[in-house]
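Participant: Build the 3D model from these lines:
(2 chains)
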Protein chains: 2
Amino acid sequence: MSNVADYIDYNKEHFKSELFDFLRIPSISTDSEYKNDVKDAANYIHNKLSSLDLDRTEIFETDGNPIVYGELTTDESQPTVLVYGHYDVQPPDPLDLWDTPPFEPTVRDGDIYARGASDDKGQSFTHVKALEAYQQTDTDFPVNIKFIFEGEEEIGSPHLVPFIEEHKDLLECDMVLISDTAMFAEDTPSITYGLRGLAYMEIHVQGPNRDLHSGVYGGAVDNPANVLTEIIAQLKDDDGVIQIDGFYDDVIELTEEEREAYKKLPFDKEEYKENLGLNGLRGEKGYNTLERTSARPTLDVNGLWSGYQGEGAKTVLPAKAGAKVSMRLVPDQDPKKIAKLFKKQVESLAPDTVTVEVEEHHGGHPAITDLSFYGLQAAADAFEAIYDKEPFFTREGGSIPIVADFQKVLGAQSILMGFGLNSDAIHSPNEKFALKDFYRGIHTSAKFFELLPEHTS
Amino acid sequence: MSNVADYIDYNKEHFKSELFDFLRIPSISTDSEYKNDVKDAANYIHNKLSSLDLDRTEIFETDGNPIVYGELTTDESQPTVLVYGHYDVQPPDPLDLWDTPPFEPTVRDGDIYARGASDDKGQSFTHVKALEAYQQTDTDFPVNIKFIFEGEEEIGSPHLVPFIEEHKDLLECDMVLISDTAMFAEDTPSITYGLRGLAYMEIHVQGPNRDLHSGVYGGAVDNPANVLTEIIAQLKDDDGVIQIDGFYDDVIELTEEEREAYKKLPFDKEEYKENLGLNGLRGEKGYNTLERTSARPTLDVNGLWSGYQGEGAKTVLPAKAGAKVSMRLVPDQDPKKIAKLFKKQVESLAPDTVTVEVEEHHGGHPAITDLSFYGLQAAADAFEAIYDKEPFFTREGGSIPIVADFQKVLGAQSILMGFGLNSDAIHSPNEKFALKDFYRGIHTSAKFFELLPEHTS
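Facilitator: The predicted structure follows:
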């Protein structure tokens, strides 16, 4: 195995320059303007797979963005690992807050700054390079491997689930390997066994048929922006408890054991606040910060708009107002059911002086992986071998809806082998990924494939 | 006098083309990008005054936009009328809702469509043309006249008030004539004797020092957009009563007589709702629509913004949120005092998990003109002569802060001789001004100057 490790160490610059080419492609899936860039990113990762010695690679067209596939069977008796990643990225705005352009990757203080560096181009690329290390050093690859890269993760994978259902045999595997999460802290490897789900809604409030003069009509005509604030404010009480009828019905409460485990995690609340520039934190009463961000559901406004947003003062009574509101879900909340409850609640809060429409964006199921699963143990050993530290098993607040779908459709559990950090600012300006974790990620991936056979029995 | 009236009838096309040249200048005072256009508008109206036979015309530079002045003394024994108007306009956005470009005036169904057509270029231009009619027909002008046109009305006239204070003698007059209001209804002339004041505020809520991933941080980090909705929602109760401590302290309640007069005004609530495309109206409990829009104070959100406003879904926990909120005031509320109370209230509602800043934009005092003032009677007679209908005396919901300042500084009452309509959509897309009212306005102005001497005794 030393050859594999050596190859990885000798080829850092080459791995980096390849990743940079990948990061230069603005594959923003939520904005149709970037449709061609998304295709370019698909072709890029397909070319990388094709340059490996695989049994098969293919680009599957969908009604949305393409799905890139590759597979290599080495030994039927060994487990098959399905590596999942996504080549699409979040929008970079607000652009003016980036220190360097989001699609011109640059390294500062050992960090790669670029949209997608951590989420998910940089992290998912590690497994491709790990396989390359085996093949370039003529080292037998210990297991069977399949790759699937999608381009719609940031918009809820609308076409991946149907694809999986139609290609059950093609994707048959013993486990799914995903690197799209964060380590608990720097040099503190952790394996995420729980993820939150998501229900993402959009509210439109329509008042008068045109913008009005606030002097002429103000006082008699209900203001859609005021109404919107009234509706949203009523969705939570002062204790941070979400006020949607039935919202908590399917929430599995944390056990005492889980709450004890949370207490053992290294967490410095003051450092957390300082990093965010906050004087105080606020959340659901009765739970601590880590519980609130991973094991409890939330309701957050993601966007808000109405009337005049420009310089100075405009005395307008706006015709319409809108908001994007999303809820993070925990086992066993169902996104479709929550979306219905949200819609019902908002409509019940709407006065008849305006027209309120509630639209549902993508959602995702929460997921939990069985802690005794042998794949998780192999991943833990690989982390310990490379980082020289026993990883924590944690739950994360983010959502990877596809994890629940892999479990449902393929019956395969997922191993969330995260190399990122919560401070990577994914979905924010100045997203970054530590170079050393990019390289350690490739090492850890290679080590995982090496150790996996030992754990099969 | 028939010559004057004939001249006006014969020169309609020429009046119209001059007004169109005026309307083509995008003199948007609230947006510094248009600074030069604002100057162009000042020069345009100054050229029009210079083309008349006046004793003096001048452009006074200020720290802001220029003030255009002109004067003609005919007979010291006659009253002096100070005509006030503004050559600046509101921003035209949202641009996509205009049927024709806002600064390319066009006539449809007898209406001039353009930003500023009614507010205030079209209306204020009538008095300039009325004087021209006298002079071009060698008819003695019956009174003394002064003109003052400012370019900052839409941003609260920050430099006009100091200017008036510094030029008391120059501006000395017996009354101020302003055409910047609406008639009660089509072919229903009315004289506005009351105006609401204004306090215009901006709220900034700063949460974390950067946009965050709503999955990673959601639940523990207070969301500035949610906080903003909570704050704004608490500023009014379910009865539409404004919840700011001390807000109503100086409000003069309507007398029974006034409420009776309101009942006599022709008003069709169903037609009002239909025109606005509304199923219902909502306002302060215990008052009817006309009272709510003219004699009661209000609180309206004029603008709202936070996070992601683009296409699709972005799971961001925004770093900041903002709102523009304005309050219409009635006698004897003081804008400065109300602004202070608003700031205090909002700050008291802000949790310590975010930083809330409240900024004050321009404000204005409410105003009431004495109904027995002889100038008002002359105006009423002029309206009746031209429109063949006795005008209503009404209070308007809009604000012309300068009216209170003229009264305070010059001791002069204002005559609000409105030729517009509430349906003119001022401050909205597709602002319009009826051609026939532009012409009738010139006639009414000329008639007013003719009749004024009779009322002096």
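Participant: count of neighbours near the closest residue to residue A:418 other than its chain neighbours?
Facilitator: Spatially, and ignoring its direct neighbours in sequence, residue A:418 is nearest to residue A:181 (3.3 Å; CB to CB, 6 or more residues apart in numbering or on different chains). C-beta coordinates here come from the backbone N, C-alpha and C atoms, glycine included. Using other CB atoms under 10 Å in any protein chain shown, residue A:181 is surrounded by 24 other residues.
Participant: List the residues that contact residue A:181.
Facilitator: A:192, A:195, A:396, A:398, A:400, A:416-418, A:420 (CB atoms under 8 Å, 6 or more residues apart in numbering or on different chains).
Participant: out of those, which is most surrounded?
Facilitator: Busiest of the contacts of residue A:181 [other CB under 10 Å] is residue A:195, holding 33 neighbours.
Participant: Okay, and the closest residue to residue A:423 other than its chain neighbours sits in which element?
Facilitator: Ranked by CB to CB, 6+ apart and with sequence neighbours excluded, the top spatial neighbour of residue A:423 is residue A:275, at 6.8 Å. For residue A:275, the element it lies in under DSSP states H and E is helix A:269-276.
Participant: pLDDT on the longest helix anywhere in chain A, on average?
Facilitator: Looking across chain A with DSSP state H, the single longest helix is helix A:435-456. The pLDDT scores in helix A:435-456 average 97.
Participant: got it, and stretch A:280-298?
Facilitator: On average, stretch A:280-298 scores 96.
Participant: Any buried residues in that stretch, and which?
Facilitator: Across stretch A:280-298, burial judged by 16 or more other CB atoms under 10 Å in any protein chain shown covers A:281-284, A:287-298.
Participant: just the residues you listed that are near chain B?
Facilitator: Applying CB under 8 Å from any CB of the partner chain to those, one finds that A:281-284, A:289, A:292-293, A:296-298 fall near chain B.
Participant: So which of the residues you listed belong to helices?
Facilitator: Among these, the ones falling in helices (DSSP H) are A:289, A:292.
Participant: any chance of the ones next to chain B among the buried residues of stretch A:280-298 in JSON lines, plus distance to residue A:101?
Facilitator: Shown next, in JSON lines, are those (distance: CB to CB, whole Å):
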{"residue": "A:281", "distance to residue A:101": "33"}
{"residue": "A:282", "distance to residue A:101": "35"}
{"residue": "A:283", "distance to residue A:101": "35"}
{"residue": "A:284", "distance to residue A:101": "38"}
{"residue": "A:289", "distance to residue A:101": "33"}
{"residue": "A:292", "distance to residue A:101": "34"}
{"residue": "A:293", "distance to residue A:101": "30"}
{"residue": "A:296", "distance to residue A:101": "37"}
{"residue": "A:297", "distance to residue A:101": "36"}
{"residue": "A:298", "distance to residue A:101": "32"}
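Participant: which one among the ones next to chain B among the buried residues of stretch A:280-298 gets closest to residue A:449?
Facilitator: Minimum distance to residue A:449 across these is 31.7 Å, recorded for residue A:293 (CB to CB).
Participant: Name the nearest residue to the closest one, ignoring sequence neighbours.
Facilitator: residue A:397 (4.2 Å).
Participant: next one: residue A:143
Facilitator: residue A:78 (4.7 Å).
Participant: can you pull the contacts of the one you found?
Facilitator: By CB under 8 Å, 6+ apart, the residues touching residue A:78 are A:142-144, A:452-453, A:456.
Participant: and those residues, which two are the farthest apart?
Facilitator: That would be A:144 and A:456, which, of these, are the farthest apart (CB to CB) at 11.9 Å.
Participant: list residues touching both of those two?
Facilitator: Common contact partners of residue A:144 and residue A:456 (CB under 8 Å, 6+ apart): A:78-79.
Participant: who's more crowded, these two?
Facilitator: residue A:144 (20 against 13).
Participant: hang on, the more buried one packs against residue A:72?
Facilitator: Yes - Residue A:144 is in contact with residue A:72 according to CB atoms under 8 Å; the separation is 6.7 Å.
Participant: mind showing which ranges of chain A have poor pLDDT?
Facilitator: A:1, A:457 (pLDDT under 70).
Participant: Can you show me the helices along the stretch 51-200 of chain A?
Facilitator: In the stretch 51-200 of chain A, the helices defined using DSSP state H, counting those that start in this stretch lie at A:121-136, A:160-166, A:168-171.
Participant: So which of the contacts of residue A:181 sit within strands?
Facilitator: Assigned to strands by DSSP state E, the following of the contacts of residue A:181 qualify: A:192, A:195, A:396, A:416-417, A:420.
Participant: Pipe these into TSV and attach distance to residue B:363 per row.
Facilitator: Shown next, in TSV, are those (distance: CB to CB, whole Å):
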residue	distance to residue B:363
A:192	54
A:195	51
A:396	49
A:416	56
A:417	59
A:420	50
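Participant: Quick check: of these, which lies closest to residue B:347?
Facilitator: residue A:396 (36.1 Å).
Participant: How about the contacts made by the residue lying closest to the closest one once chain neighbours are set aside?
Facilitator: Leaving aside its chain neighbours, residue A:396 sits nearest to residue A:192 (4.6 Å; criterion: CB to CB, 6+ apart). Under the criterion of CB under 8 Å, 6+ apart, the neighbours of residue A:192 are A:181, A:393-396, A:416, A:418.
Participant: quick one: contacts for the closest residue to residue A:115 other than its chain neighbours?
Facilitator: For residue A:115, ignoring the flanking residues on the chain, the nearest one in space by CB to CB, 6+ apart is residue A:102 at 4.0 Å. Neighbour list for residue A:102: A:26, A:92, A:95, A:114-115, A:429, A:431 [criterion: CB under 8 Å, 6+ apart].
Participant: For these, name the two members farthest from one another.
Facilitator: Maximum distance among the contacts of residue A:102 (CB to CB): 14.7 Å, for A:26 and A:429.
Participant: Residue A:125 against residue A:23, yeah?
Facilitator: No - contact criterion CB under 8 Å: residue A:125 and residue A:23 do not qualify, at 9.5 Å.
Participant: Give me the neighbour count for the nearest residue to residue A:113 once chain neighbours are set aside.
Facilitator: Among residues not flanking residue A:113 along the chain, residue A:432 sits closest, at 5.0 Å (CB to CB, 6+ apart). For residue A:432, the number of neighbouring residues by other CB under 10 Å comes to 25.
Participant: roughly how far apart are residue A:432 and residue A:96?
Facilitator: Going from residue A:432 to residue A:96 by CB to CB, to the nearest Å gives 18 Å.
Participant: and if you look at residue A:345?
Facilitator: Relative to residue A:96, residue A:345 is positioned 36 Å away (criterion: CB to CB).
Participant: and what of residue A:132?
Facilitator: Going from residue A:132 to residue A:96 by CB to CB gives 38 Å.
Participant: Neighbour count for these two, which is higher?
Facilitator: Legend: neighbour count by other CB under 10 Å for residue A:132 and residue A:96, higher for residue A:132 (23 against 6).
Participant: what sits against the more buried one?
Facilitator: Listed by CB under 8 Å, 6+ apart, the contact set of residue A:132 reads A:51-52.
Participant: Let's see that with 6 Å instead.
Facilitator: The contact partners of residue A:132, taken as CB atoms under 6 Å, 6 or more residues apart in numbering or on different chains, number zero.
Participant: Next, the buried residues of stretch A:40-58.
Facilitator: A:40-42, A:44-46, A:48-49, A:52, A:54, A:57.
Participant: Which ones among those map onto strands?
Facilitator: Per DSSP E, the subset of those in strands is residue A:57.
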